[in-house]
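Undergrad: 3D model of this:
(one chain, ligands or ions: 3)
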Amino acid sequence: MMWRRAAISEIIKKALTEEKRVSTKTSAADLVTETDHLVEDLIISELRKKFPSHRFIAEESTAAGEKCVLTDSPTWIIDPIDGTCNFVHRFPTVAVSIGFAVNRELEFGVIYHCTEERLYTGRRGQGAFCNQQRLRVSRETDLSKALVLTEIGPKRDPDTLKLFFSNMERLLHAKAHGVRVIGSSTLALCLLASGAADAYYQFGLHCWDLAAATVIIREAGGIVIDTSGGPLDLMSCRVVAAGTREMAMLIAQAIQTINYGRDDEK
Ligand SMILES: O=P(O)(O)O[C@H]1[C@H](O)[C@@H](O)[C@H](O)[C@H](O)[C@@H]1O
Ligand SMILES: [Mg+2]
Ligand SMILES: [Mg+2]
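TA: Ligands and ions are numbered 1, 2, ... in the order given. Below is the predicted model:
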């Protein structure tokens, strides 16, 4: 599979600097390019050749109308380019994310940072790595010492924006050291897995943003839960992740819900 990773990342890196045909999906800030489609088709066709009985959930196929339902069957969960808005603007923080679930349990995840050539991997029970180096989350439990990551999500209506900024304000009032937005949910979650941040929360991400990263964070010793503080629901379009359960609960208690619906009800 090595040459395929190189080929896909070359396609993305080359396209990053070129003119793109950009379309919108659910909102004016929810972008897609021909490269998202090309990469998704390549990944699915390669995997389908090897695993003809497996199922696929993938971002652009879902946007085209395919049902997004996780069953007990072995399922690949694919985000062909995470950070498409970055990609459109030539901002070099983009990744390919592939998760794999069996019996609705996440088994492994692979996220490739295309421009920095960093391969993040996690396999249930076998640890998480970045280019062979073991990943470990931060052990911070105090919100007033935390660096927190989030992403904006695609909705831009006034009520959503108000809640988005009020959540940031609440964390800053709680004296978090900072709140950062890098434009790629999967790479932000990989930074959390690496111990480069203490917590992450988001409303409006999807199962393909979360699947691979969830295994990587858990295998790096971290916590991935629902924004209510309960167990993660991969289809719920919301998440809190942190190095420690204490930190995850503090974030969950501090923020207000922004409703994005569910992936399996669209
Ligand atoms: O559409 P792509 O694959 O680029 O993914 C997401 C981005 O990672 C987020 O920053 C962004 O906030 C959204 O959640 C979006 O789903
Ligand atoms: Mg994407
Ligand atoms: Mg994405």
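Undergrad: pLDDT wise, what is Gly261 at?
TA: Listed pLDDT for Gly261 reads 97.
Undergrad: so it makes contact with Met235?
TA: No - the pair Gly261 / Met235 is not scored as a contact, 9.7 Å apart, by CB atoms under 8 Å. (C-beta placed from N, C-alpha, C; glycine too.)
Undergrad: same drill for these two, tell me which one is more crowded.
TA: Comparing Gly261 with Met235 by other CB atoms under 10 Å, the one with more neighbours is Met235, at 18 against 11.
Undergrad: hang on, that one packs against Lys266?
TA: No - applying CB under 8 Å as the test, Met235 and Lys266 come out as separate, 9.7 Å apart.
Undergrad: now the residue in the stretch 51-200 of the chain that ligand 3 sits nearest to, which residues is it bridged with?
TA: Residue nearest to ligand 3 within the stretch 51-200 of the chain (CB to the ion): Asp82, separated by 3.6 Å. When assigned by DSSP bridges, Asp82 has beta-bridge partners Ala95.
Undergrad: also Leu106?
TA: Bridge pairing for Leu106 - DSSP bridges - gives Ala101.
Undergrad: what distance do you get for it to Thr186?
TA: Between Leu106 and Thr186 the computed distance is 14 Å (CB to CB, to the nearest Å).
Undergrad: so who does the residue of the stretch 51-200 of the chain closest to ligand 3 touch?
TA: Applying CB atoms under 8 Å, 6 or more residues apart in numbering to Asp82 gives the contacts 94-97, 111, 184-187, 208-209.
Undergrad: repeat the analysis, applying 10 Å as the threshold.
TA: 36, 59, 93-97, 111-114, 183-189, 205-206, 208-209, 212-213 (CB atoms under 10 Å, 6 or more residues apart in numbering).
Undergrad: what of Ala211?
TA: Neighbouring residues of Ala211 by CB under 10 Å, 6+ apart: 57, 70, 75-79, 97-101, 106-109, 111, 186, 234.
Undergrad: once you drop chain neighbours, what's closest to Asn103?
TA: Leaving aside its chain neighbours, Asn103 sits nearest to Asp72 (4.9 Å; criterion: CB to CB, 6 or more residues apart in numbering).
Undergrad: so which of the contacts of Asp82 also contact ligand 3?
TA: Restricting the contacts of Asp82 to those near ligand 3 by CB under 5 Å from the ion leaves Asp209.
Undergrad: strands - which of the contacts of Asp82 land there?
TA: 95-97, 111-113 (DSSP state E).
Undergrad: for the residues you listed, please prepare JSON lines with the additional fields distance to ligand 2, pLDDT and neighbour count.
TA: What follows is these, written out as JSON lines (distance: CB to the ion, whole Å; pLDDT from 0 to 100; neighbours: other CB atoms under 10 Å):
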{"residue": "Ala95", "distance to ligand 2": "9", "pLDDT": "98", "neighbour count": "32"}
{"residue": "Val96", "distance to ligand 2": "9", "pLDDT": "98", "neighbour count": "26"}
{"residue": "Ser97", "distance to ligand 2": "8", "pLDDT": "98", "neighbour count": "30"}
{"residue": "Ile111", "distance to ligand 2": "12", "pLDDT": "98", "neighbour count": "28"}
{"residue": "Tyr112", "distance to ligand 2": "13", "pLDDT": "97", "neighbour count": "25"}
{"residue": "His113", "distance to ligand 2": "14", "pLDDT": "97", "neighbour count": "23"}
